[in-house]
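Undergrad: The sequence and its predicted three-dimensional model are supplied below.
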2 protein chains.
Amino acid sequence: MVKKRKVGNLLALAVLATVYTRPMHRYEMASVMRARGKDQDMDIKWGSLYTVVQNMERHGLLEAIGTNREGARPERTIYAITEAGKRELVDWTRELISAPRREHPSFAAGLSVLATLSPQEAIALFQERLGHLDESIRAQRAALAEVADDGVPRLFLVENEYGVAMLEAEAAWVRSLLDELTSGTFPGLAGWQAWHETGAMPEEMAEIAERGTTPD
Amino acid sequence: MVKKRKVGNLLALAVLATVYTRPMHRYEMASVMRARGKDQDMDIKWGSLYTVVQNMERHGLLEAIGTNREGARPERTIYAITEAGKRELVDWTRELISAPRREHPSFAAGLSVLATLSPQEAIALFQERLGHLDESIRAQRAALAEVADDGVPRLFLVENEYGVAMLEAEAAWVRSLLDELTSGTFPGLAGWQAWHETGAMPEEMAEIAERGTTPD
DNA sequence: AGTCGATTACTCGTCTACGAATATACGTGT
DNA sequence: ACACGTATATTCGTAGACGAGTAATCGACT
């Protein structure tokens, strides 16, 4: 299904895109990515960059086109993208855009064990999350507006727009769940509550807990 | 900031939640998780489960409370959750719910190199994605309705509801981007187009490409 | 002219995740 | 009673991710 990439780390994708414009050495790649705010989109792991570039060379996506020694600095290998590398970049992009991958955000993992907490505590924590989300949205919107003002075309900002849209959607979802919890309209709330007060799981749940929750 | 967990793999969280109800051996944990559809939420990596449980024992979150030999089967170690394990479960859940973690979905990575493709191709691929998304939404909604019918309380389904909500939000976002692209109202579309036909990057972009796109 | 801290640039070793292989038992049709 | 597929249960090797460490240069201030 999902063709296995020779180099699977998404950092490699960023490298391909970066080296596409002109050959450069490894540290420069990192600098350029950082300058572009790529480090925000995907935080660059230093250790990984060097391993990844090495693997990319091994698989023929990059080639060393010589070294550049400057002053007494250690010599730096300059890498260029190969034809295979260009093909990989395009092909990989196609795959990422066309096929949604089942990813597992940590929030979902947290929700799946929500019953661990009391309803009161859950409410408080959701409120806290909402605060963080709103702040993030504000900050990212502002940053987006600023660079757009600087004349950066939308084409290079779609991923940020996507990020904001997802944050907004999450905030909206949390808000609506909170409404149900605080107004008491969330079904089974009383049972959940009682369970945490008395330690007795309501029988409608006990039975469920023993079999499985989501079949299929 | 984000306290480093002794065992960071989210699979460990699922294990804690599973062993919480009663002690069991490793293969059983996997079976129970699978029965609960946890394998959908977070696909279980066989190799990981054994390493993770071992690490959890090493860090005192689980303890071996004996072995159970049945027939000629290899002997199986039974693990129980410890007090520290219970504390970890609650504390970890708190963290996951209260603090949004910057995660980096692969779609965002794809979007960040969208310019690699021609606008026509991008449109086609977005349409393909939309098809997959709509199908996923349909399927998950159906599965959700079915288990809800079976009497599984909402409390145990919030993470699925969240998943559907996020899929819907993504679909909506893609749809609106597609509208702009197909109707031609997406700013800079002509330049993007020309660039891919002639190979000449419009100067408003060339300059940008050399500096960085997203400062902040 | 010496020191301090920041930046540049890279290496190394550890730890983890996970695929794939393995091996035995069980059930079921012939 | 045996052959074969499926479920049970686990081990192991390896590739990859990443933190932390190293070392040189540069600029600024003293």
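TA: Yep, that arrived. These numbers come from a predicted model, not from an experiment. Numbers count the residues shown, from 1 in each chain, chains lettered A, B, ... in the order given.
Undergrad: And the strands in chain A, which stretches?
TA: Along chain A, the stretches classed as strands by DSSP state E are A:24-25, A:62-68, A:76-81.
Undergrad: can I get the ones you listed in a markdown table with mean neighbour count and distance to chain B?
TA: Placement of C-beta: from N, CA and C, glycine included. Shown next, in a markdown table, are those (neighbours: other C-beta atoms under 10 Å in any protein chain shown; distance: least, C-beta to the nearest C-beta, whole Å):
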| stretch | mean neighbour count | distance to chain B |
| --- | --- | --- |
| strand A:24-25 | 17 | 13 |
| strand A:62-68 | 14 | 16 |
| strand A:76-81 | 18 | 12 |
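Undergrad: Any chance of a markdown table for the ones you listed, columns mean pLDDT?
TA: Below are the strands of chain A laid out as a markdown table (pLDDT from 0 to 100):
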| stretch | mean pLDDT |
| --- | --- |
| strand A:24-25 | 89 |
| strand A:62-68 | 82 |
| strand A:76-81 | 89 |
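Undergrad: Format the ones you listed as CSV; extra columns: distance to A:Val164.
TA: Formatted as CSV, the strands of chain A follow (distance: least, C-beta to C-beta, whole Å):
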stretch, distance to A:Val164
strand A:24-25, 31
strand A:62-68, 33
strand A:76-81, 31
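Undergrad: can you put the ones you listed in JSON lines and add distance to DNA strand D?
TA: Shown next, in JSON lines, are those (distance: least, C-beta to the nearest atom of the strand, whole Å):
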{"stretch": "strand A:24-25", "distance to DNA strand D": "15"}
{"stretch": "strand A:62-68", "distance to DNA strand D": "14"}
{"stretch": "strand A:76-81", "distance to DNA strand D": "12"}
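Undergrad: Which one of these lies nearest to DNA strand C?
TA: strand A:76-81 (3.1 Å; C-beta to the nearest atom of the strand).
Undergrad: list the helices and strands that closest one packs on?
TA: Where contact means 3 or more C-beta pairs under 8 Å, 6 or more residues apart in numbering or on different chains; DSSP states H and E, strand A:76-81 is packed against helix A:10-21, strand A:24-25, helix A:26-35, strand A:62-68.
Undergrad: Against B:Ala169, how distant is the nearest residue to A:Leu133 once chain neighbours are set aside?
TA: Distance criterion C-beta to C-beta, 6 or more residues apart in numbering or on different chains; nearest residue to A:Leu133, sequence neighbours excluded, is A:Ala171 at 4.3 Å. To B:Ala169, A:Ala171 is 10 Å away according to C-beta to C-beta, to the nearest Å.
Undergrad: what stretches of chain A score poorly on pLDDT?
TA: Along chain A, the parts satisfying pLDDT under 70 run over A:1-3, A:39-41, A:68-75, A:201-216.
Undergrad: And the longest helix belonging to it, what's buried?
TA: Longest helix in chain A by number of residues (criterion: DSSP state H): helix A:119-149. Within helix A:119-149, the residues that count as buried by 16 or more other C-beta atoms under 10 Å in any protein chain shown are A:119, A:121-122, A:125-126, A:129-130, A:133, A:136-137, A:140, A:143-144, A:147.
Undergrad: Can you spell out which helices and strands pack onto it?
TA: Helix A:119-149 is packed against helix A:158-183, helix A:189-198, helix B:83-98, with contacts defined by 3+ C-beta pairs under 8 Å, 6+ apart.
Undergrad: any chance of those helices in TSV, with mean neighbour count too?
TA: Output for those, formatted as TSV (neighbours: other C-beta atoms under 10 Å in any protein chain shown):
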stretch	mean neighbour count
helix A:158-183	18
helix A:189-198	15
helix B:83-98	18
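Undergrad: if I pick A:Leu178, what's in contact with it?
TA: By C-beta atoms under 8 Å, 6 or more residues apart in numbering or on different chains, the contact list for A:Leu178 reads A:Ile123, A:Phe126, A:Gln127, A:Leu130.
Undergrad: where's it relative to B:Ile97, distance?
TA: According to C-beta to C-beta, A:Leu178 and B:Ile97 sit 12 Å apart.
Undergrad: Also A:Asn160?
TA: 26 Å.
Undergrad: Also A:Gly184?
TA: From A:Gly184 to B:Ile97 the distance is 20 Å (C-beta to C-beta).
Undergrad: do A:Val147 as well
TA: Going from A:Val147 to B:Ile97 by C-beta to C-beta gives 32 Å.
Undergrad: now swap in A:His59 and tell me
TA: To B:Ile97, A:His59 is 41 Å away according to C-beta to C-beta.
Undergrad: How about A:His132?
TA: According to C-beta to C-beta, A:His132 stands 11 Å off from B:Ile97.
Undergrad: Quick check, A:Val147 in contact with A:Leu157.
TA: Yes: in this structure A:Val147 lies within contact range of A:Leu157 using C-beta atoms under 8 Å: 6.8 Å.
Undergrad: about what we covered before: now do the shared contacts for A:Leu178 and B:Ile97.
TA: Joint contacts of A:Leu178 and B:Ile97 (C-beta under 8 Å, 6+ apart) are A:Phe126.
Undergrad: how's chain A carved up into domains?
TA: Following automatic domain parsing, chain A resolves into domains at A:10-98, A:106-210.
Undergrad: got JSON lines for those, with distance to B:Arg26 too?
TA: Formatted as JSON lines, the domains of chain A follow (distance: least, C-beta to C-beta, whole Å):
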{"stretch": "domain A:10-98", "distance to B:Arg26": "31"}
{"stretch": "domain A:106-210", "distance to B:Arg26": "19"}
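Undergrad: I'd like to know which of those domains is closest to B:Gly47.
TA: Nearest of these to B:Gly47, taken as C-beta to C-beta: domain A:106-210 at 19.3 Å.
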